[in-house]
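**Student:** what's the 3D shape of this:
(4 chains)
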2 protein chains.
Amino acid sequence: MGGGRSSTARERVLAAAEGLFGERGYRGVTLGDVAEELGMRKPSLYHHAPGGKEQLYVEVMEKLLERYRAEMEEALAQAGPGIGEQLKAAARSILSQRPPVSLEGMVLRDMPAISEERSRRLMDVAYRSLHGPLLAALAAASNRGELHHLQDPPLISGTILSLVGGAQVSAYAAGGRDDRADEGEVADALVDVLLDGLRPRVGGGS
Amino acid sequence: MGGGRSSTARERVLAAAEGLFGERGYRGVTLGDVAEELGMRKPSLYHHAPGGKEQLYVEVMEKLLERYRAEMEEALAQAGPGIGEQLKAAARSILSQRPPVSLEGMVLRDMPAISEERSRRLMDVAYRSLHGPLLAALAAASNRGELHHLQDPPLISGTILSLVGGAQVSAYAAGGRDDRADEGEVADALVDVLLDGLRPRVGGGS
DNA sequence: GTCTATAGTCTGATAGAC
DNA sequence: GTCTATCAGACTATAGAC
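**Tutor:** Numbers count the residues shown, from 1 in each chain, chains lettered A, B, ... in the order given. Here you go, the predicted model:
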């Protein structure tokens, strides 16, 4: 959406900005940080991103979210048809993403700093990208009878996203000690809890 | 930790800072914002908070977290002994807090902006305040046989916190439309899912 | 495409009068 | 306790040379 042959330099700028914005958020990154990572000076960025910091942030985050959606949909397509396999694939997909985008951080900390119109558009993309594939997987499983009554599907997909996002934070907040299992196992454990619950099943054994 | 008779003016400063920092985070609040809310000028703040912005943030957030812990423990004490009642009381307690503190936002966005030593101390308080009561309730319920094997209790308490925190965000991200049930019902629904799981129980009926 | 120079703004913080 | 005045630094952004 800019011209025929795209320049490689522009893509390098977008990649650097994506890594920094995704990890630290809008206010946690200055154009100086982006320039430094690229080995250039601040004003040089404006040649590739004439819209300035805010537009650069929005463009980069939209692409990042679209990529997450594509990878999550691919993971869901490759996984088995059972809801357990589906959700584990989705959770693993999210946890494996770099940078680890924080939807909560975006909503609570980044959005208030950018224009309302851009904020609304970006939140739409985020909702479609992160909730969309999960909602589809949940609906399919529900039709197959694998799930309880789903009164409020977005609440459930939000729950899954919160769960996975929170798992990343827990590792940090617990003190940085990395005595926990790897990401994939955490994702599986969370999905197991979500599907079967913490409470022992009345009919079953231990 | 300062003197015998505390001044009321200082408490007003702390209260204003708490509301703003809790809601918008460290970088989202300027000392000018705090001063404006109090109807004073920036330099006047330094009379009550000589340590500057960073120390004010830490002091205020520690008190806020301790208060959350106290209220959560009280809610747990007043609730019935069943794990369902306990967790619902905890979830309702967190959801009812004002300002709605975001642990994820604190960890991912605020901590990188403050000194490492203060960050570590504040994260310790956050962990004890938010995870502590939940871990105690989970351990008690586990001893009563109300729970599955708890391999990783902090993962579960983190899950609960993520769930509740995410519920607040969902409301905003879904577009601000407030067609959802009130906070208490959302908290109950989340706890029900967490305890019984999304999957229909094999032994039981619909 | 990248740079230097710089405008203009915001922010945290201090000095000192009242 | 609160103010005015002020500073140093960081930040986004623009102008214009090379």
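**Student:** ok, which residues in chain A are in contact with DNA strand C?
**Tutor:** Contact residues (CB under 7 Å from any atom of the strand) of chain A with DNA strand C: A:Ser7, A:Ala9, A:Arg10, A:Ala35, A:Gly39, A:Met40, A:Arg41, A:Lys42, A:Pro43, A:Ser44, A:His47, A:His48. The C-beta positions use only the backbone N, C-alpha and C, and glycine is treated the same way.
**Student:** the last one touches A:Ala9, doesn't it?
**Tutor:** Yes. Counting by CB atoms under 8 Å, A:His48 does reach A:Ala9; the two are 6.3 Å apart.
**Student:** the two: who's more crowded?
**Tutor:** Neighbours per residue, other CB atoms under 10 Å in any protein chain shown: of A:His48 and A:Ala9, the larger number sits with A:His48, 17 against 13.
**Student:** tell me the contacts of the more buried one?
**Tutor:** A:Ser7, A:Ala9, A:Arg10, A:Val13, A:Leu14 (CB atoms under 8 Å, 6 or more residues apart in numbering or on different chains).
**Student:** quick one, phi psi at it?
**Tutor:** The phi/psi pair for A:His48 (degrees, to the nearest 10) reads phi -100, psi -20.
**Student:** just the buried positions in the longest helix along chain A, please.
**Tutor:** When chain A is parsed with DSSP state H, its longest helix is helix A:52-78. By 16 or more other CB atoms under 10 Å in any protein chain shown, the buried positions in helix A:52-78 come out as A:53, A:56-62, A:64-65, A:68-69, A:72-73, A:75-76.
**Student:** cool, stretch A:148-167 as well?
**Tutor:** Neighbour-count burial for stretch A:148-167, counted by 16+ other CB under 10 Å, picks out A:148, A:150, A:153-167.
**Student:** one more: stretch A:99-111?
**Tutor:** Neighbour-count burial for stretch A:99-111 flags A:Pro100, A:Val101, A:Ser102, A:Leu103, A:Glu104, A:Gly105, A:Met106, A:Val107, A:Leu108, A:Arg109, A:Asp110, A:Met111 (criterion: 16+ other CB under 10 Å).
**Student:** quick one: is that stretch near DNA strand D?
**Tutor:** No. Figure legend: stretch A:99-111 not in contact with DNA strand D (CB under 7 Å from any atom of the strand); closest approach 12.6 Å.
**Student:** and for that stretch, what's in contact with it?
**Tutor:** Stretch A:99-111 is contacted from outside by A:18-19, A:22-23, A:25-27, A:57, A:61, A:64-65, A:68, A:119, A:122-123, A:126, A:130, A:161-162, A:165, A:168, B:24-25, B:27-28, B:102, B:104-105, B:108-109, B:165-166, B:169, B:172-173, using CB under 8 Å, 6+ apart.
**Student:** out of the residues you listed, list just those in helices.
**Tutor:** Cross-referencing the contacts of stretch A:99-111 against helices under DSSP H gives A:18-19, A:22-23, A:57, A:61, A:64-65, A:68, A:119, A:122-123, A:126, A:161-162, A:165, A:168, B:24, B:104-105, B:165-166, B:169, B:172-173.
**Student:** follow-up on the earlier one: farthest pair within the residues of chain A next to DNA strand C?
**Tutor:** A:Ser7 and A:Lys42 (18.8 Å; CB to CB).
**Student:** quick check: the residue of chain A nearest DNA strand D.
**Tutor:** Residue nearest to DNA strand D within chain A: A:Gly52 (2.8 Å; CB to the nearest atom of the strand).
**Student:** that residue touches A:Tyr46, doesn't it?
**Tutor:** Yes. Contact criterion CB under 8 Å: A:Gly52 and A:Tyr46 qualify, at 7.3 Å.
**Student:** tell me how far the worst-scoring helix or strand of chain A on mean pLDDT is from the chain's mean position?
**Tutor:** Lowest on mean pLDDT, DSSP states H and E among the helices and strands of chain A sits helix A:153-173, with a mean of 84. If you compare the mean C-alpha spot of helix A:153-173 with that of the full chain, they lie 10 Å apart, counting by CA atoms, centre = their mean, to the nearest Å.
**Student:** so does the helix or strand following it get close to chain B?
**Tutor:** Going down the chain from helix A:153-173, the next helix or strand is helix A:183-196, by DSSP states H and E. Yes. Under the criterion of CB under 8 Å from any CB of the partner chain, chain B is reached by helix A:183-196 at A:Val186, A:Ala189, A:Leu190, A:Val193, A:Leu194, A:Leu195, A:Asp196.
**Student:** re earlier: which one of the buried residues of stretch A:99-111 is nearest A:Asn143?
**Tutor:** A:Asn143 lies nearest to A:Leu103 out of those, by CB to CB, at 26.8 Å.
**Student:** give me the distance between that closest one and B:Ala141.
**Tutor:** Distance, A:Leu103 to B:Ala141, by CB to CB, to the nearest Å: 30 Å.
**Student:** go on, A:Ala9?
**Tutor:** As judged by CB to CB, A:Ala9 and B:Ala141 stand 58 Å apart.
**Student:** where does chain A dip in pLDDT?
**Tutor:** A:1-7, A:171-181, A:203-206 (pLDDT under 70).
**Student:** again, only this time at 80
**Tutor:** A:1-7, A:149-151, A:168-182, A:201-206 (pLDDT under 80).
**Student:** residues of it that sit close to DNA strand D?
**Tutor:** Of all the residues in chain A, those in contact range of DNA strand D (CB under 7 Å from any atom of the strand) are A:Val29, A:Thr30, A:Leu31, A:Gly32, A:Lys42, A:Pro43, A:Tyr46, A:Pro50, A:Gly52, A:Lys53, A:Glu54.
**Student:** just the buried members of these?
**Tutor:** A:Val29, A:Leu31, A:Lys53.
**Student:** let me know the closest of the residues you listed to chain B.
**Tutor:** A:Val29 (10.6 Å; CB to the nearest CB).
**Student:** the nearest residue to the closest one once chain neighbours are set aside: how many residues sit nearby?
**Tutor:** Using CB to CB, 6 or more residues apart in numbering or on different chains and skipping the chain neighbours, the partner closest in space to A:Val29 is A:Leu20 (4.4 Å). Residues near A:Leu20, counting by other CB under 10 Å, number 20.
**Student:** contacts only, for A:Leu20.
**Tutor:** The neighbours of A:Leu20, taking CB under 8 Å, 6+ apart as the test, are A:Val29, A:Asp33, A:Val34, A:Glu37.
**Student:** now tabulate these in JSON lines and tack on secondary structure.
**Tutor:** Below are the contacts of A:Leu20 laid out as JSON lines (DSSP: H, G, I helix; E, B strand; the rest coil):
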{"residue": "A:Val29", "secondary structure": "coil"}
{"residue": "A:Asp33", "secondary structure": "helix"}
{"residue": "A:Val34", "secondary structure": "helix"}
{"residue": "A:Glu37", "secondary structure": "helix"}
